[in-house]
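A.B. asks: sequence first, then the predicted structure, then my questions.
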Amino acid sequence: MATQATITISTHERAEVDRDVYGHFLESAFFGNIEGGVFDEGSPLAVTGHGALDGCRADVIEACRELGLPVVRWPGGNFTSAYWWRDGTGPRDHRPRRLELAWGSEESNRFGSPEFLAWIEAVGTEHAPTSAYLHHSARSVEDAVRWVEYTNYAGTTEMTGLRAADGHPEPYDVRWWGIGNEVYGPWQMGHRSVERYVEDAREHMRFMRLVDRRLKFIACGWEREAYTEKLISGIGDQADAVSLHLYGLDHHLTDPSETEFDDVVAQSVHFEQTIAEYADEILFAAERAHLESVPSIAMDEWNNRHMESVELEDPVPARDGGFEPHGTGGVEDRKRVNRHSPRTLADALMYAGVFHAIHRAAGHDVPVTMANAVNLINANGILQVRPEGVIRTPVFHIWHLYQNLFQPLAVPTEVTAPASWRRLRLGADRQDARGYPRRTRPAAVSLLDVSASLSHDGRTLTVAAINRSATDAVTTRLARAEGTLPDVATCHDLGTEVTDLFQANTLSEPGACALRDRGTVTLIGGEYSFPAHSVTLLTFAL
């Protein structure tokens, strides 16, 4: 049964959406992210004869170039806090093998700075270059300075000689640097108080900038008001952005129901509320500190965590994609994250909602200017890599839709649509010790989530609509506040032909849940029916 809604778009008020919000994340030693993913020495699909790029999967590079990667964060994540970058330089066969303390594995260091930066150059295109975002532990100013010297300095020093010996005589010109990862957490090496972190971060940024004054810094943020107050008053005048980490919770592995689907896709509302609250906290703290400039938000870790029973054996990647069947466990069992659970249609709709939240925040004094989904490769990533090939998951197609088909200027939309009053799940940060939502928040969740955008020349309008309903289409009248809207548009959509709400893609069924090009569609009387559990992009020529 179809329901009714209206969308009214205004194109006078415009806000630029930073391209880096469609960014990515790689973490060493993390469930096939690097070794067995980006880097797979000995694979017949790996590059050979290209120096530092040797061992990198050519099909992964091709998929990344196809999509376009605006920015990639590396080497982590939790891995960052104990990592010494010098271990990953010099001849590969002479590099030390270390016990790494984030994930309890052994790090070979065969993929280090020269490999990552060579890979960044390889995945970028002239039309869409890729930027490196390097993350330092902020535990040693000397170490941080030498890393910048290795990557960016143009003189003749020991570090530039090391870079040349690693195959890159010219500077890499790395602009983005992270200063510490989740230092507020005792799970990090280098955990410290916000007061201590502020002192350390100021010193790191000061001396790193003496090597290269063009550096841009992302400080370790946390959406806790007392922490934010001290962070912004202490280094808000030095940092270009502060980080925000957000994760959703998904229980479909034990409860693949419509109710679970509803809870998963609604979580983007929680993301939007958190972004708005955090932006206000940063702005008000900057005003109280009388800062002339205000750092933006870098949501440099975000994703949706698929939970499963701890009673099960550890999941094992399946050659066709996803993981080998190993049971479901009890619904009430204590839960853990399944790192090999593939991205689904429900994830795609949730991710689209997060992008809509970022678009709507673009006009704030503290916008989101970078976002990096965890992860790009394997480990719940956008791409799944197997010995025989690469799987483009449903969220890969969501990235393509918003990054390559959506326009750069966000414009306001007024939406009237059916909504449900529900207990909104507040993501993984509010889970209890058993892995279940510890807190919820009452919220009205619209069935229709809409984001519209305009090209710089004002001649192309795109309207993206998420229909969160698991079962019903939403028939909608579209209008433009200033003038008429054309009655024809080109159409791309995802999910319209899918019957499984948690559908994933595999090597044998790569297009089970993918973006479809519908060509030209006609809006009779300005109406369009958005199918159930789908994301639709309509493009109008104005």
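C.D. replies: On my side now, so go ahead. Note that the structure is a prediction, hence the values are computed from the model and not measured. Residues are numbered from 1 along each chain as shown.
A.B. asks: show me where the stretch 101-250 of the chain has its helices.
C.D. replies: 113-123, 141-152, 158-165, 194-211, 225-235 (DSSP state H, counting those that start in this stretch).
A.B. asks: ugh, wrong one, I meant the stretch 251-400 of the chain
C.D. replies: Using DSSP H, counting those that start in this stretch, helices in the stretch 251-400 of the chain cover 258-288, 345-360, 394-400.
A.B. asks: give the next helix or strand downstream of the shortest one.
C.D. replies: Using DSSP states H and E, the next helix or strand after helix 394-400 towards the C-terminus is strand 409-411.
A.B. asks: partners of the helix or strand that that next one is followed by in the sheet?
C.D. replies: Downstream of strand 409-411, the next assigned helix or strand under DSSP H and E is strand 413-416. If you go by DSSP bridges, strand 413-416 pairs up with strand 3-9 (antiparallel).
A.B. asks: tell me the buried residues in the strand it pairs with?
C.D. replies: For strand 3-9, the neighbour count (16 or more other C-beta atoms under 10 Å) marks Thr3, Ala5, Ile7, Thr8, Ile9 as buried. For the C-beta atoms, the positions are set from N, CA and C on the backbone; glycine is no exception.
A.B. asks: kindly report the same for stretch 257-271.
C.D. replies: Judged by neighbour count using 16+ other C-beta under 10 Å, the buried positions of stretch 257-271 are Glu260, Phe261, Asp262, Asp263, Val264, Val265, Ala266, Gln267, Ser268, Val269, His270, Phe271.
A.B. asks: what sits closest to the fourth one if chain neighbours are left out?
C.D. replies: Leaving out its chain neighbours, the residue that sits closest to Asp263 by C-beta to C-beta, 6 or more residues apart in numbering is Arg425, at 5.2 Å.
A.B. asks: if we can go back for a sec, which among the buried residues of stretch 257-271 gets closest to Leu542?
C.D. replies: Ranking the buried residues of stretch 257-271 by separation from Leu542, with C-beta to C-beta as the measure, puts Ser268 on top at 28.2 Å.
A.B. asks: right, and the closest one touches Ala357 too?
C.D. replies: Yes - contact criterion C-beta atoms under 8 Å: Ser268 and Ala357 qualify, at 5.9 Å.
A.B. asks: so what does the longest strand that the chain contains touch, helix or strand wise?
C.D. replies: Determined from DSSP state E, the single longest strand within the chain is strand 296-309. Packed against strand 296-309, as judged by 3 or more C-beta pairs under 8 Å, 6 or more residues apart in numbering; DSSP states H and E, are the following elements: strand 23-25, strand 241-250, helix 258-288, strand 335-337, helix 345-360, strand 368-373.
A.B. asks: what sits against the residue nearest to Asp263?
C.D. replies: Residues counted as contacts of Arg425 (C-beta atoms under 8 Å, 6 or more residues apart in numbering) are Gly248, Leu249, Asp263, Ala266, Gln267, His270, Pro437, Thr440.
A.B. asks: change it to 10 Å
C.D. replies: Arg425 makes contact with 248-251, 262-264, 266-267, 269-270, 431, 436-437, 439-441, 443 under the criterion C-beta atoms under 10 Å, 6 or more residues apart in numbering.
A.B. asks: can you give me the distance of it to Val450?
C.D. replies: Arg425 sits 22 Å away from Val450, going by C-beta to C-beta, to the nearest Å.
A.B. asks: now the longest strand of the chain and strand 368-373, what's the angle there?
C.D. replies: For strand 296-309 against strand 368-373, the angle by axes from the mean of the first three to the mean of the last three C-alpha atoms, to 10 degrees is 20 degrees.
A.B. asks: now strand 296-309: mean pLDDT?
C.D. replies: Mean pLDDT, strand 296-309: 98.
A.B. asks: what's the answer for stretch 393-406, then?
C.D. replies: Stretch 393-406 shows an average pLDDT of 98 in the prediction.
A.B. asks: shared neighbours of Ser268 and Ala357, anything?
C.D. replies: By C-beta under 10 Å, 6+ apart, Ser268 and Ala357 have these common neighbours: Asp449.
A.B. asks: and stretch 97-104, how far out from the chain middle?
C.D. replies: 25 Å (C-alpha atoms, centre = their mean, to the nearest Å).
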